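> below are the sequence and a predicted model; questions follow.
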Amino acid sequence: MRQATVTGPLRLPRRFRSHLGAIGHAYREHFIGLEQTYGPFQTELLRQAAADAASCHCVKLSAVRAWEEAQVARRTGKGRRPNHALLIRLAKRMALESSSYQAAVHRLEELVARTKPGAPSVAGLFAAGSPRP
């Protein structure tokens, strides 16, 4: 199994062959946005979950672009145009990728909630013992 390499000061896990193009830029920007929203990722598990969410975002963007291009080609294109069934398949793919992204973000939120220390519980306060008068 090949280990994930990380790049730059953000320790951004690599997901694509090249991070120099538009997809790499969108991935990097979304990862930075997730890190700003959900705090610094102290563990490798959190970094990988954020990278999964960012890559799902890129795949979702790709699906949206493919659907939009097919819509424009059907409306204004010349020659052979995409048929209605293709538009339906692309719309379904777009919805599926959107739900995959939502699931990845939800998983990241759960992991962040589990790793952040919360307020002490009432049972924890009683177990620790309170000073008696």
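Structure's in. What do you need?
> which residues in this structure form strands?
Assigned by DSSP state E, the chain shows strands spanning 6-7, 12-13.
> if you average pLDDT over each of those, which is lowest?
The minimum mean pLDDT among these belongs to strand 6-7 (a mean of 46).
> if I look at the residue nearest the centre of the chain, how far off is Trp67?
The chain has Ala53 as the residue nearest its centroid, 1.5 Å off, counting by CA atoms, centre = their mean. With distances taken as CB to CB, to the nearest Å, Ala53 is found 21 Å from Trp67. Where you see a C-beta, it was placed from the backbone N, CA and C, and this is true even at glycine.
> again, but for Pro13
28 Å.
> what of Lys92?
Going from Lys92 to Trp67 by CB to CB gives 10 Å.
> please identify which of the two sits among more neighbours.
The neighbour comparison of Lys92 against Trp67 (other CB atoms under 10 Å) goes to Trp67, with 20 against 12.
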